[in-house]
Each structure stands twice: as structure tokens, then as C-alpha cells.
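*Asks:* Attaching a predicted model along with its sequence, questions to come.
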Amino acid sequence: MGHALLEVTGLTTVFDGPGGPVTAVDGVNLSVDRGGVLAVVGESGCGKTVLSLSMLGLVAPPGRVTAGRVVLSGTDILALPESGRRAIRGRRATMIFQEPMTALNPVLTIGEQVAEPLRVHAGASRREALDAAEAMLARVGLPEPRRRMLGYPHELSGGQRQRVMIAMALMLSPELLIADEPTTALDVTVQGQILELMLDLAREAGTAILLVTHNLGVVAQTADAVVVMYSGRVVENAPVAAFFAGPAHPYSQGLLASLPQVGDLGRRLTPIPGTVPSLSALPTGCHFHPRCPRAFEPCSRQTPPLFDLPGGRQARCWLHAS
Ligand SMILES: Nc1ncnc2c1ncn2[C@@H]1O[C@H](COP(=O)(O)OP(=O)(O)O)[C@@H](O)[C@H]1O
Ligand SMILES: [Mg+2]
């Protein structure tokens, strides 16, 4: 525990709605090791994006963080004033989103945008910043970087825009990169390349990654540890080898069973029957119990705690009560 870069404890985020507040992130604990890769997985709507935004103080009304601490190398990010959080986000903990177009400014040139972190957060001169931006754009594989610097985001393909986002995010070698489904919006033919590029550059810079993904193949290949979310709660937290050797939570088991096996090309996936519940109508007890093939008596009555299991794992399931 002593070497954790990021420690998140009890993080809770609600959205105020017409029927009262609903809880999208519910007491999440997780940690990321210095230089490590933590994967966060779970079906769409489980709270992965709200969690990512909450960690950096980016939740906008009607959402608000109501509890929790997010400590990055000793700095409690959420206790800082907005100016302090902005400084952290510019330099120490950056983020890449699923849809790069929404994160790029349509009226600024590519060069100005990639150079900005250096000017604002590292005090570089305009010339120095533009030179460094060009070098970084070359490293992320943007063709003709000098010419592209003068262009605008809409002139780039989706993959090129995500390369630009990677350049901006890793320009100042941050301690942490939060990458929220960074390749999901891209053509499948470039997804692998771009993910690999991001991981390689982060490794070189010593940057740890919190990687939100729904691709368990990517998790197996890249992560050190995995956190599984369901309806805003962490339901399993495990080192990656242990997770793939045999996940402890029935929800995780369902996610893994829905993965196509090697040699099974063409066979249909078997998704977990049912859907993620709406936040305004969450089941009592374990949120997963209505879909769980192994639900038994306590599951609908009482929320299971995260039980500590051998091998540094945790699972929020009454099957592990002993
Ligand atoms: N601005 C918002 N207002 C109300 N509810 C929201 C808002 N953004 C997200 N939510 C809700 O929070 C839950 C988690 O969403 P999200 O974090 O985007 O899931 P994921 O990224 O895992 O697909 C969902 O039920 C979603 O409807
Ligand atoms: Mg999301």
C-alpha cells in the first residue's frame, strides 16, 4: 500500500433529479500503483465515466461529489480550490475521453492546443512550446506534423484526433493518465495501434494509467489489476492474473463468460441476461441479485460488504461470507 500513487476512498457522486438525488458512484475505493495500469470494467451505465470525472473534480451540476477522498502522491485533489485542481489536471493527472472531438477546441489550431500545457503549466515560451508540440506530434505518429500544427481538429480523422489527445495528455509526463474508453469511438482497425501507442508512451514517461474499458482482452494484455463496477459500486478488485484465473464475483464471472474464446470466432457471445438497473430504481441489497444465477437468501435483503479474499482480492458477494 505504501507505494500507491493514487488512493481513492469512499468516493460518492450523486445526480440531483426530479425524483430526488440518485447515486451514480457509491463509496468507491481503489488504488493505482506508481507506473502501474489499473483497469476499470463493467457494462455501460455502471458509473465508470462518472467515477473518472469525479476523481479529477470534473463532475458538473446536476452532479456533485458528496463524499470521499482522491489522494495523488499526498495531494487530496478534491480538497483543493478549483484553481488547484486545474493545475493538477494540466500537469500531474491528465485525462483522455472516448470522443476526442468534444475535448478539442474547434477554433484553435492543433499546434496551439498541443503547445498549451507547456505554456500554461510549464512556463515555456511560445517558440519552445511549439517546437516541443511538433516533436510530440511526430512521436504519436501524426503524419506531416509541421503542416498539421496549422490545421484544425475537424480536418483530422478520429484516429488522428485521438493521437493529438494522447500527445496533449502525455506532453508533461503526468503521474497519472485517466483514459476513459480511449479507443471505443474509433475504427476497429486502428484501435489496437492507438492503445499500444498510448501504453508505450505512458510507460516511457513513467505515467500510471487508470484505463476504463469494456474490452477484457485489453485488460488481460495491459493491466496489473482490475476493478469491476456494477451500479456505481466496486464489486470486485483483483490482481489481473487472479482475476482471469477465476473471478470471485458472479457478475465478473458473467462478464468473462461473455468473452469469445480463442478458436470460437463466429460463435455468439452469451451476455449476462437482464440489464443494468436504473439509478432511480436500484434493487435492494446486492444491486446484482435480480440477474445473479447464484443469488440466495441474504442477497435481496442486505448489501454485502467487500470481503477480503486470499491473494489481495476483494469481492462484494455473500458467497464469500465465512
Ligand atoms: N449528467 C447526468 N445526469 C444524470 N445522470 C447521469 C448523468 N451522467 C451520467 N448519469 C448516470 O450515471 C450512471 C453512470 O453513467 P456513466 O458513468 O456514464 O456509465 P459508464 O461510463 O459506466 O457507461 C448512469 O445511470 C447515467 O445515466
Ligand atoms: Mg462511460
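*Replies:* Done, it's in. Numbering: from 1, shown residues only. Ligands and ions are numbered 1, 2, ... in the order given.
*Asks:* Any stretches of the protein with poor pLDDT?
*Replies:* 1-2, 100-101, 260-270 (pLDDT under 70).
*Asks:* which one is the residue in it that ligand 2 sits nearest to nearest to, not counting chain neighbours?
*Replies:* Minimum separation of the chain from ligand 2 (Cβ to the ion) falls at T49, amounting to 3.2 Å. Every C-beta, even on glycine, is put in place using the N, C-alpha and C of the backbone. Spatially, and ignoring its direct neighbours in sequence, T49 is nearest to D180 (5.6 Å; Cβ to Cβ, 6 or more residues apart in numbering).
*Asks:* can stretch 235-251 be found next to ligand 1?
*Replies:* No - on the criterion Cβ under 6 Å from any ligand atom, stretch 235-251 is out of touch with ligand 1, staying 13.0 Å away.
*Asks:* Can you give the distance of that stretch from its chain's centre?
*Replies:* The chain centroid and the centroid of stretch 235-251 are separated by 18 Å under Cα atoms, centre = their mean, to the nearest Å.
*Asks:* do stretch 221-233 as well
*Replies:* Here stretch 221-233 is found 9 Å from its chain centre; the criterion is Cα atoms, centre = their mean.
*Asks:* cool, stretch 234-249 as well?
*Replies:* 17 Å.
*Asks:* Quick check: end-to-end length of it?
*Replies:* Start-to-end span of stretch 234-249 (Cα to Cα, to the nearest Å) is 11 Å.
*Asks:* cool, and stretch 200-212?
*Replies:* This stretch, stretch 200-212, spans 17 Å end to end (Cα to Cα).
*Asks:* can you start the count at 3 instead of 1 from here on
*Replies:* Noted, 3 is the first residue going forward, which turns the last one into stretch 202-214.
*Asks:* show me the contacts for the residue of the chain closest to ligand 2.
*Replies:* Neighbouring residues of T51 by Cβ atoms under 8 Å, 6 or more residues apart in numbering: Q100, D182, V214.
*Asks:* and the last one, how many neighbours does it have?
*Replies:* Translated: V214. 26 (other Cβ atoms under 10 Å).
*Asks:* next one: R303
*Replies:* The burial count for R303: 11, using other Cβ under 10 Å.
*Asks:* Tell me the spacing between it and P147.
*Replies:* 60 Å (Cβ to Cβ, to the nearest Å).
*Asks:* same question, S46
*Replies:* 35 Å.
*Asks:* what helix or strand is the residue of the chain closest to ligand 2 on?
*Replies:* Secondary structure assigned from DSSP states H and E places T51 in helix 50-57.
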